[in-house]
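Chemist: could you work out the structure for the sequence below:
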Amino acid sequence: MDYKFENITLLDFVKTLSAYKGLSLRKLLQRLSENQDGSSYYPSFYNKLKNNTLKFKEINDIAKVLGYEIVFRDIKNP
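Modeler: Numbering: from 1, shown residues only. Purely as a prediction, here's the structure:
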């Protein structure tokens, strides 16, 4: 499945990807913490999503936990 990140908030985008994999944001956060040996990986996770202030590493971690990869494609101009 391909997604284009256009006119959607980061929060809604992550919610959509999580829901497609059958996870709530809470379960996603739990899995992220499990990948970090039980530490609280995102203490202000929801606020970071809401404010669009996640770092690229954090977004990449979310993608990995959900079983996605981030791909950059060259856009060819006509």
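Chemist: give me the secondary structure label for Lys76.
Modeler: coil (DSSP: H, G, I helix; E, B strand; the rest coil).
Chemist: how about stretch 7-18: buried residues?
Modeler: 10-11, 13-15, 17-18 (16 or more other CB atoms under 10 Å). To be clear about C-beta, it is placed using only N, CA and C from the backbone, and glycine gets the same treatment.
Chemist: which of the residues you listed sits closest to Thr53?
Modeler: Among the buried residues of stretch 7-18, Leu10 lies closest to Thr53 (CB to CB), at 8.8 Å.
Chemist: contact partners for Phe45?
Modeler: Phe45 makes contact with 25, 29, 32 under the criterion CB atoms under 8 Å, 6 or more residues apart in numbering.
Chemist: buried among the residues you listed? Make that a ChimeraX selection.
Modeler: Those of those that count as buried under 16+ other CB under 10 Å are selected in ChimeraX with:
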select :29,32
